[in-house]
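K.L.:
test case, fold it:
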Amino acid sequence: MSAPISRDKRLTTIRGKVAANRPSDLVSFVLNSPDGTPIQGAQITAERNGQRLVASTNDRGEYALVGVPPGTYNVSVNKPDYSRTDPRDSQQQSSFTVNVSPRGCAIQDLGLWARNSLQGMVRDNIGNPVAGINVFLQKVNGDPDRYGDEARTNERGEFKFERIDPRPHYLVVSPFGATADSPYESRFYGGAAAREQAQTVNIDGGSRLQSMNIDVGQRIATRSIQILLKWPDGKPVSNAFMLCGDARTDGKHFHAADKSGNGFVCKALANRAYRIRVTWIEQSMDIRDTPETVVLPGNVDTVVTIRVRPQGASASKR
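P.N.:
Next up is the predicted model:
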């Protein structure tokens with residue numbers, strides 16, 4: 001564990017934090033969340049009139065240049081296997097002008113972009129490549145309810161991640177269970193079906209990981225549920241937002257139904273019941289009684305009607 005950064009207000013100081021794969025204005029924000037990744041051992045350089053001052057970041061990504069002469073400095077950061085700017089953003093700054101007054105404290109956060117990558121293939125239960133499916137990298141100590149970074153497989157079932165936060169991850173297909181867009185049960189790299197038994201993938205700033213393949217199970221059949229949303233007089237509700245998902249779950253990872261013609265369409269798995277929940281109607285964003293219904297499992301496309309009643313009343317399915 002590194003020693004604490006000095007914050008003596010009597011000394012002129014330049015200080016800040018360094019995070020992975022984030023622009024400077026988001027560094028402090030992201031490092032206050034479990035998904036932020038501090039960079040330890042980054043070299044901070046502050047230059048002024050030929051004078052060059054250097055500091056290193058601790059394990060929390062913090063640095064401090066304490067007791068510097070007041071004035072204007074050009075501040076930058078470097079570390080092997082990282083770049084100072086996002087390769088996708090040609091307008092991004094690689095260094096910053098910092099003004100510090102006598103006995104003042106200037107704060108300048110900085111970002112570094114990892115030059116790492118991870119690639120592999122998704123195969124089904126008979127070894128065929130699975131095209132058009134999302135693969136996710138989830139931070140081991142990150143927010144457990146987030147899907148994480150995603151990459152989509154090409155026609156050969158191949159996927160690739162770049163600029164990955166340097167820390168342990170899980171590599172997974174369908175992290176919260178099968179969906180119509182990802183009709184395979186959860187499968188982590190290494191073969192586990194649950195996060196608690198999953199193998200971690202350790203990634204640093206210069207990792208070049210290949211053949212990180214995931215073998216999923218048999219594809220689950222899918223279907224479409226067409227939803228007709230109507231007022232009590234039978235007229236269609238033209239503007240609404242509704243969620244649908246596996247009726248066995250708490251709804252945390254439900255997805256939005258798509259607008260289609262005179263109604264809405266929910267993409268669903270054939271082997272399980274789906275809950276359809278209307279969250280707002282027309283201009284109302286506050287429905288005290290959320291209209292919802294459950295559609296039973298089935299192998300064919302289905303049409304359901306939900307009748308919307310005044311606030312305070314429940315909905316019905318026909």
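
K.L.:
what pLDDT is listed against the spatially most central residue of the chain?
P.N.:
In the chain, the centroid-proximal residue (Cα atoms, centre = their mean) is residue 148; its distance is 3.6 Å. Model confidence at residue 148, expressed as pLDDT, equals 94.

K.L.:
with residue 9 instead?
P.N.:
51.

K.L.:
which residues does the residue nearest to the centre of the chain contact?
P.N.:
136-139, 142, 169-170, 175 (Cβ atoms under 8 Å, 6 or more residues apart in numbering). (Each C-beta comes from the backbone N, C-alpha and C, glycine too.)

K.L.:
so which of these is the closest to residue 86?
P.N.:
residue 137 (17.7 Å; Cβ to Cβ).

K.L.:
quickly find the element holding the closest one.
P.N.:
strand 134-139 (DSSP states H and E).

K.L.:
counting contacts, what elements does the helix or strand following that strand pack onto?
P.N.:
Note on strand 134-139: by DSSP H and E, the next helix or strand toward the C-terminus is strand 149-152. Packed against strand 149-152 by the contact rule (3 or more Cβ pairs under 8 Å, 6 or more residues apart in numbering; DSSP states H and E) you find strand 134-139, strand 158-162.

K.L.:
count of neighbours near residue 172?
P.N.:
Look at residue 172: counted by other Cβ atoms under 10 Å, it has 24 neighbours.

K.L.:
tell me which element it falls in.
P.N.:
strand 168-173.

K.L.:
relative to strand 158-162, how tilted is that strand?
P.N.:
If you take axes from the mean of the first three to the mean of the last three Cα atoms, to 10 degrees, strand 168-173 sits at 150 degrees to strand 158-162.

K.L.:
quick one, strand 168-173 and strand 134-139 angle?
P.N.:
160 degrees.

K.L.:
okay, now the sheet partners of strand 168-173, with direction.
P.N.:
strand 134-139 (antiparallel), strand 187-188 (antiparallel), strand 201-202 (antiparallel) (DSSP bridges).

K.L.:
ok, and what's touching it?
P.N.:
So strand 168-173 is contacted by 118, 120, 122, 133-141, 148, 182, 184, 186-189, 195, 198-203, 212, 214, 216 (Cβ under 8 Å, 6+ apart).

K.L.:
one more time with 7 Å, if that's ok
P.N.:
122, 133, 135-140, 182, 184, 186-189, 195, 198, 200-203, 212, 214, 216 (Cβ atoms under 7 Å, 6 or more residues apart in numbering).

K.L.:
list the buried residues for it?
P.N.:
169-173 (16 or more other Cβ atoms under 10 Å).

K.L.:
for residue 265, which non-adjacent residue is spatially closest?
P.N.:
residue 258 (4.9 Å; Cβ to Cβ, 6 or more residues apart in numbering).

K.L.:
I'd like the buried residues of strand 168-173 written out as JSON lines, with distance to residue 270 and pLDDT added.
P.N.:
Formatted as JSON lines, the buried residues of strand 168-173 follow (distance: Cβ to Cβ, whole Å; pLDDT from 0 to 100):
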{"residue": "169", "distance to residue 270": "32", "pLDDT": "98"}
{"residue": "170", "distance to residue 270": "28", "pLDDT": "98"}
{"residue": "171", "distance to residue 270": "28", "pLDDT": "98"}
{"residue": "172", "distance to residue 270": "23", "pLDDT": "98"}
{"residue": "173", "distance to residue 270": "19", "pLDDT": "98"}
